[in-house]
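Asker: Below is the sequence, then the predicted model.
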Amino acid sequence: MRIATWNVNSITARLPRLLAWLENTGTDVLCVQETKSTLEQFPSDALRELGYEAAVNATGRWNGVALISRVGLDDVVKGLPGGPEYEGVEEPRAISATCGGARVWSVYVPNGREVTHDHYAYKLRWLEALRVAVAEDSAGERPFAVLGDFNVAPTDQDVWDPALFEGATHVTPAERDALAALREGGLSDVMPRPLKYDQPYTFWDYRELRFPKNRGMRIDLVYGNGPFTAAVKDSYVDREERKGKGASDHAPVVVDLDL
């Protein structure tokens, strides 16, 4: 089975590339973040023509997550059970389903904006709610993984220049402690191979030629439980998909499993 995660930064803008990528890579399950679409705008028909079905949690212009699968979508749960609201709204940031032999979550963790911002405190509450929500599956015997844009770089090695991020979100001890708490519950970080350079960055800002200069971050993660990680044969960042006109600022992270 091939499972991937990809922050597409608007599924409408990325649709031609997305369809071509799915067809070329033979991906079985794709976890999507930042659809930036309503349910009506989501391209379910185009995906169906390629043999995929989709489960979508999206409400409009911002956020939005989805699971795209050609190996089944059972027991779909939209949203983060017990998750916090932001400014009175439950944002569409999580969706889960059973796909083939694995239980899979697609998550888009809040950005946090600035350490002093209310969104940062919301981010930490959201990550704690995620830890609680996945605890049973994390410790279970069924292959299970949480994939998505976590908006946290787990270590300094996951940032192209840690000094530039000092005092900023994505690298604070509290955010990294939240990821550590997920791991302590039975999940492990599936580290992908870089297809170029030494570090498997997954995100490069559009500004300042950051992609050609490889000034990136690893914030798109795959956290799997023991049965999931035991089945991993390979994992890599598809850096090629970040190239060219009309690319997302994130690259897909691909995991091949013996499932």
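Answerer: Thanks, I have the structure now.
Asker: Okay, now the unreliable bits of the stretch 101-250 of the chain?
Answerer: Judged against pLDDT under 70, the stretch 101-250 of the chain has no low-scoring part.
Asker: And the strands in it?
Answerer: 102-108, 144-149, 188-189, 220-224, 232-237 (DSSP state E, counting those that start in this stretch).
Asker: Dump those strands to TSV, plus mean neighbour count and distance to G60.
Answerer: Heads up, the C-betas are built off the backbone N, CA and C, glycines and all. Shown next, in TSV, are the strands of the stretch 101-250 of the chain (neighbours: other C-beta atoms under 10 Å; distance: least, C-beta to C-beta, whole Å):
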stretch	mean neighbour count	distance to G60
strand 102-108	25	14
strand 144-149	28	18
strand 188-189	18	32
strand 220-224	27	23
strand 232-237	17	29
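Asker: okay, the ones you listed in CSV with distance to L47 next?
Answerer: Formatted as CSV, the strands of the stretch 101-250 of the chain follow (distance: least, C-beta to C-beta, whole Å):
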stretch, distance to L47
strand 102-108, 15
strand 144-149, 18
strand 188-189, 29
strand 220-224, 21
strand 232-237, 23
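Asker: Those strands: which one's closest to A121?
Answerer: For A121, the closest of the strands of the stretch 101-250 of the chain is strand 102-108, at 17.7 Å, according to C-beta to C-beta.
Asker: The closest one vs strand 144-149, what angle?
Answerer: Orientation check (axes from the mean of the first three to the mean of the last three C-alpha atoms, to 10 degrees): strand 102-108 against strand 144-149 gives 20 degrees.
Asker: just the angle between strand 102-108 and strand 220-224, please?
Answerer: Note on geometry: by the same axes, to 10 degrees, strand 102-108 and strand 220-224 are set 150 degrees apart in direction.
Asker: Pull up the pairing partners for strand 102-108, direction included.
Answerer: Using DSSP bridges, the neighbouring strands of strand 102-108 in the sheet come out as strand 94-99 (antiparallel), strand 144-149 (parallel).
Asker: before we move on, the earlier item: out of the strands of the stretch 101-250 of the chain, flag the one nearest A181.
Answerer: strand 220-224 (11.3 Å).
Asker: residue ranges of the helices in the protein, please?
Answerer: Remark: helices assigned in the chain by DSSP state H are 11-25, 44-49, 118-138, 173-184, 226-230.
Asker: tell me, what residue is most central in the protein?
Answerer: G148 (1.1 Å; C-alpha atoms, centre = their mean).
Asker: Just the endpoints, please. Distance across stretch 144-163?
Answerer: End-to-end span of stretch 144-163 (C-alpha to C-alpha, to the nearest Å): 35 Å.
Asker: List the buried residues of it.
Answerer: Within stretch 144-163, the residues scored as buried using 16 or more other C-beta atoms under 10 Å are 144-154, 158-160.
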